[in-house]
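Peer 1: based on what follows, work out the 3D shape:
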Amino acid sequence: MNRRTLLSSGAGLAAALALPTAVPATAVPAAVPTAAEAGQEEPVRFQLPAPNGPYPIGTVALHLVDTARPDPWTPARPHRELMISIWYPARARPPRPTAPWMPPAAADRYLERLGLPPGRVRLGDTHGHEGAPVGGPPGPLPVVLHSPGADASRSFGTGIAEDLASHGFVVVTVDHTHDAAAVAFPGGRVETGPPGGIDDYAAALTVRTADIRFVLDRLAVLRAGGRPGVCRTPIPAGLRGALDLGRVGMLGHSLGGATTAATMLVDGRITAGASLDGGAAGPVVDAGLDRPFLVVDTPGKGGMENNPALRTFWSHLRGWRLHLTLRGAAHQSFGDDALILPLLAPLLGMSPSDLEDEVGTIPTQRTQAFQRAHPRAFFDLHLRGRGHLLDGPSPDFPEVDYAR
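Peer 2: Next up is the predicted model:
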């Protein structure tokens, strides 16, 4: 049962909602009855673990409009609209509120599409302080783009984005509108994907590639002192000067990994790319790439061993390359899914075997350790020229297989 199945099914959820969860209740004043005392269940609460870098984090969400192309999924709309979030190291103790993990309007729609009633699940805040001034190491800083999997939103890459930002990177997470499950725009409008998710992956790959190239164009406008978006969101102090667009990496999960490879083929502005359990499709399979590329897969059906197109792509990589396999992991072991799915499983009627199919048997803390250490090591190496974690097998990560 994957996200596509979850979003296209709602049957049998009423009975599942009565199941208890392992999430503890939040303490409340004694005079206020808890939900359990009032005859209601405690909501399931999701909260990202704190990043482990030395810098606090700032974030800003921007609304972008590409006036050069209509929306390919809804041709009646004359322009392509995107939402992005920029994550960056901030000054110490920024006196700003933290951003929600997913904008409330999008979160409500996302949970509704899963068949969950209002208030049953609470998606917490991030560690990113909205609009905080840029801090961290002396800039400009390397930039990493993040593209999520199909039917996911940019929120599902927040854990990786926060960790990279806390170590001195600027990270840009992208919502691919009408491919993502739910995207909230300023003013409360929410755009969703089709019921059951997209099914034309070739078209999605083309759209996503154009999306990423447009985002890079707008980042260049921001760096040059212009206004990249259409709304009047203030640009955080220091952000323009923090962007080093000569050191740009890209990272994606699943279809986002394929998007990374496809975009690198047609856009030389991306210096290095990493794919978390993503395939390869389109011209890049046979053309290959001449820049660094990291392939991370799992032992399951989507891995190198069982994916001829991915093997062909790998054989045509002419630059630095590394293939890592995370033993015990499954397709949703990457990104924030690995943390959220175990919380939602009882509510969605997922059996233990269903959950194992999605997140594998590897302990969650090990997947989190992997996706904090290895993407950062890759971008440290190729955007900063430092680090040795990827030189070969590490005793700190015995579940990781290395191949070149």
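Peer 1: when you work out contacts or count neighbours from here on, use the C-alpha atoms and nothing else.
Peer 2: Fine.
Peer 1: quick one, strands of the stretch 201-350 of the chain?
Peer 2: All strands of the stretch 201-350 of the chain, identified by DSSP state E, counting those that start in this stretch, fall at 243-253, 272-276, 293-297, 321-326.
Peer 1: quick one: the helix or strand containing Ala165 to chain centroid distance?
Peer 2: Assessed by DSSP states H and E, Ala165 sits inside helix 158-166. Averaging C-alpha positions (Cα atoms, centre = their mean, to the nearest Å) puts helix 158-166 10 Å from its chain's average.
Peer 1: just the mean pLDDT for stretch 145-164, thanks.
Peer 2: Per-residue pLDDT over stretch 145-164 has a mean of 96.
Peer 1: and that stretch, how far apart are its ends?
Peer 2: 11 Å (Cα to Cα, to the nearest Å).
Peer 1: buried residues, that stretch. List them.
Peer 2: Within stretch 145-164, the residues scored as buried using 16 or more other Cα atoms under 10 Å are 145-164.
Peer 1: show me how far that stretch is from its chain's centre.
Peer 2: Counting by Cα atoms, centre = their mean, stretch 145-164 comes out at 1 Å from the chain centroid.
Peer 1: can you get me a residue count around Gly226?
Peer 2: Neighbours of Gly226 under the rule other Cα atoms under 10 Å: 12.
Peer 1: ditto for Gly229
Peer 2: 21.
Peer 1: hang on, the earlier thing: make TSV out of the strands of the stretch 201-350 of the chain and add mean neighbour count and mean pLDDT.
Peer 2: Shown next, in TSV, are the strands of the stretch 201-350 of the chain (neighbours: other Cα atoms under 10 Å; pLDDT from 0 to 100):
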stretch	mean neighbour count	mean pLDDT
strand 243-253	23	98
strand 272-276	28	97
strand 293-297	25	97
strand 321-326	20	97
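Peer 1: let's have those in TSV, adding distance to Thr98.
Peer 2: Output for these, formatted as TSV (distance: least, Cα to Cα, whole Å):
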stretch	distance to Thr98
strand 243-253	22
strand 272-276	27
strand 293-297	31
strand 321-326	32
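Peer 1: what about these, which gets the closest to Ile198?
Peer 2: Taking Cα to Cα, strand 243-253 is the member of the strands of the stretch 201-350 of the chain nearest to Ile198, at 15.9 Å.
Peer 1: so what does the closest one touch, helix or strand wise?
Peer 2: strand 141-147, helix 255-266, strand 272-276 (3 or more Cα pairs under 8 Å, 6 or more residues apart in numbering; DSSP states H and E).
Peer 1: just so I know, which of these lies nearest Leu389?
Peer 2: Closest approach to Leu389 among the helices and strands packed on strand 243-253 (Cα to Cα): strand 272-276, 15.2 Å.
Peer 1: how about the longest helix seen in the chain: buried residues?
Peer 2: The residue-count maximum for a helix in the chain (DSSP state H) belongs to helix 201-223. For helix 201-223, the neighbour count (16+ other Cα under 10 Å) marks 204-205, 207-216, 218-220, 222-223 as buried.
Peer 1: run through who's touching whichever strand or helix holds Glu358.
Peer 2: Using DSSP H and E, the element containing Glu358 is helix 352-359. The contact list for helix 352-359 (Cα atoms under 8 Å, 6 or more residues apart in numbering) reads 1-2, 329-333, 338, 341-342, 345.
Peer 1: try 6 Å this time
Peer 2: 1, 330, 332-333, 338 (Cα atoms under 6 Å, 6 or more residues apart in numbering).
Peer 1: for stretch 304-320, same thing?
Peer 2: 279-280, 285, 288-292.
Peer 1: endpoints of it, how far apart?
Peer 2: 18 Å.
Peer 1: same check on stretch 247-259?
Peer 2: 19 Å.
Peer 1: quick one: it to chain centroid distance?
Peer 2: On Cα atoms, centre = their mean, the centre of stretch 247-259 falls 10 Å from that of its chain.
Peer 1: residues contacting it, please?
Peer 2: 142-150, 205, 270-280, 383.
Peer 1: what of stretch 233-240?
Peer 2: Taking Cα under 6 Å, 6+ apart as the rule, stretch 233-240 contacts 131, 133-134, 222-223.
Peer 1: from those, which single one is nearest His63?
Peer 2: Set against His63, the nearest of those by Cα to Cα is Leu222 (12.9 Å).
Peer 1: not counting sequence-adjacent ones, nearest residue to the closest one?
Peer 2: Pro228 (5.4 Å; Cα to Cα, 6 or more residues apart in numbering).
Peer 1: count of residues packed around that neighbour?
Peer 2: 20.
Peer 1: next one: Pro186
Peer 2: Residues near Pro186, counting by other Cα under 10 Å: 12.
Peer 1: could you do Ala287 as well?
Peer 2: By other Cα under 10 Å, 14 other residues sit near Ala287.
Peer 1: rewinding a little: tell me which residues of the helix holding Glu358 come out buried.
Peer 2: Neighbour-count burial for helix 352-359 [16+ other Cα under 10 Å]: 355-359.
Peer 1: looking at it now, give me its mean pLDDT.
Peer 2: Mean pLDDT, helix 352-359: 94.
Peer 1: report the next helix or strand after that helix in sequence order.
Peer 2: helix 364-379.
Peer 1: what inclination does that following helix have with respect to strand 243-253?
Peer 2: 140 degrees (axes from the mean of the first three to the mean of the last three Cα atoms, to 10 degrees).
Peer 1: how distant is helix 364-379 from the center of its chain?
Peer 2: So, by Cα atoms, centre = their mean, the centroid of helix 364-379 is 13 Å from its chain's centroid.
Peer 1: in the next helix or strand after it, what counts as buried?
Peer 2: Going down the chain from helix 364-379, the next helix or strand is strand 400-403, by DSSP H and E. Of the residues in strand 400-403, 400-402 count as buried by neighbour count, 16+ other Cα under 10 Å.
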